[in-house]
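In: Dropping a prediction and its sequence here:
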Amino acid sequence: MASRTEKLLATLKLQPVVPVLIVDDAKDAVPLARALVAGGLKAIEITMRTPAALEAVKRVAGEVEGAVAGAGTILNPAHFEAAVAAGSQFIVSPGTTPSLLKAAAESDIPLLPGAATASEVMTLREAGYEVLKFFPAEQAGGAAYLKSLSSPLAGTLFCPTGGISLKNARDYLSLPNVVCVGGSWVAPKEMVAAGDWAGITRLASEAFALKG
């Protein structure tokens, strides 16, 4: 578990914002990822919400220099195994189940499991997890709620995702228990559809500038 935690932290510390992407057409995956990497966002989460998602992970992992391809919205062991087979270097889930934790324990690929309550965090701590996804961040209480967890659950780090934008990202990044945030605003659907890769690189650069 320690080596997987170190691997996950090394990935999450690459940048202050991890892009959370919904890829509708696999042909967009490579130019989109290259645009994000050019702006400084190397770790990229492609969510398993479309039929194109696994192919998108495969293409980014195999064709985009500097990118660290991850898969999100992983809900079960079958999702986990398919994402790993496609080349995912980290796995993200909105929550956790015993079967998903078992699949993660049998893999070298690190899991960033989701939690929204103190009890969920404590359960994952017992399973050996020190780095968690806080989801859905804004709807579950926002930065104020996450700050309130920092003392009683000291030692746990979070990547908040859900409702986060350039406007409120610093509220989370300023917290001692936040390592990075996840956000979809760096790759707006309309920009992807238009192939506005330069615009996406600009948004990625703005997000990367939140570092420090």
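Out: Here it is on my side, so go on.

In: hey, let's count contacts and neighbours off CA atoms from now on
Out: OK.

In: how deep is the closest residue in space to M122 that isn't next to it in sequence tucked in, by neighbour count?
Out: Among residues not flanking M122 along the chain, L153 sits closest, at 7.9 Å (C-alpha to C-alpha, 6 or more residues apart in numbering). L153 has 14 neighbours, counted by other C-alpha atoms under 10 Å.

In: Next one: L153 from F208, what distance?
Out: 28 Å (C-alpha to C-alpha, to the nearest Å).

In: go on, K42?
Out: Distance from K42 to F208, by C-alpha to C-alpha: 10 Å.

In: next one: Q15
Out: In terms of C-alpha to C-alpha, Q15 sits 6 Å off from F208.

In: Hmm, A140 is touching A116, no?
Out: Yes. The pair A140 / A116 is scored as a contact, 6.4 Å apart, by C-alpha atoms under 8 Å.

In: so who does P113 touch?
Out: By C-alpha atoms under 8 Å, 6 or more residues apart in numbering, P113 lies in contact with V92, S93, P94, G95, T96, V131, L132, K133.

In: still on that earlier bit, A140 and A116: which is more packed in?
Out: A116 (21 against 15).

In: What ranges in the chain fall below the confidence cut-off?
Out: 212 (pLDDT under 70).

In: Correct me if wrong: V18 contacts V181.
Out: Yes. V18 is within contact range of V181, at 6.2 Å (criterion: C-alpha under 8 Å).

In: quick one: the strands in the protein?
Out: Listed in chain order, the strands of the chain (DSSP state E) span 17-21, 43-47, 68-72, 90-92, 111-112, 114-115, 131-134, 157-160, 181-183.

In: could I get stretch 190-206 in CSV with only the CA atoms?
Out: Provided in CSV are the C-alpha atoms of stretch 190-206 (Å, rounded to 0.1, in the frame of the first residue of the first chain):
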residue,chain,number,x,y,z
GLU,A,190,-17.7,23.5,-26.6
MET,A,191,-14.0,24.1,-26.9
VAL,A,192,-13.3,20.4,-27.4
ALA,A,193,-16.1,20.2,-30.0
ALA,A,194,-14.6,23.2,-31.8
GLY,A,195,-11.0,21.8,-31.6
ASP,A,196,-9.9,24.9,-29.8
TRP,A,197,-6.8,23.3,-28.4
ALA,A,198,-5.0,26.6,-28.0
GLY,A,199,-7.8,27.9,-25.8
ILE,A,200,-7.7,24.7,-23.7
THR,A,201,-3.9,25.2,-23.3
ARG,A,202,-4.6,28.7,-22.1
LEU,A,203,-7.1,27.5,-19.5
ALA,A,204,-4.7,24.8,-18.4
SER,A,205,-2.0,27.4,-17.9
GLU,A,206,-4.3,29.5,-15.8
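
In: Having no further points to raise, I will conclude here.
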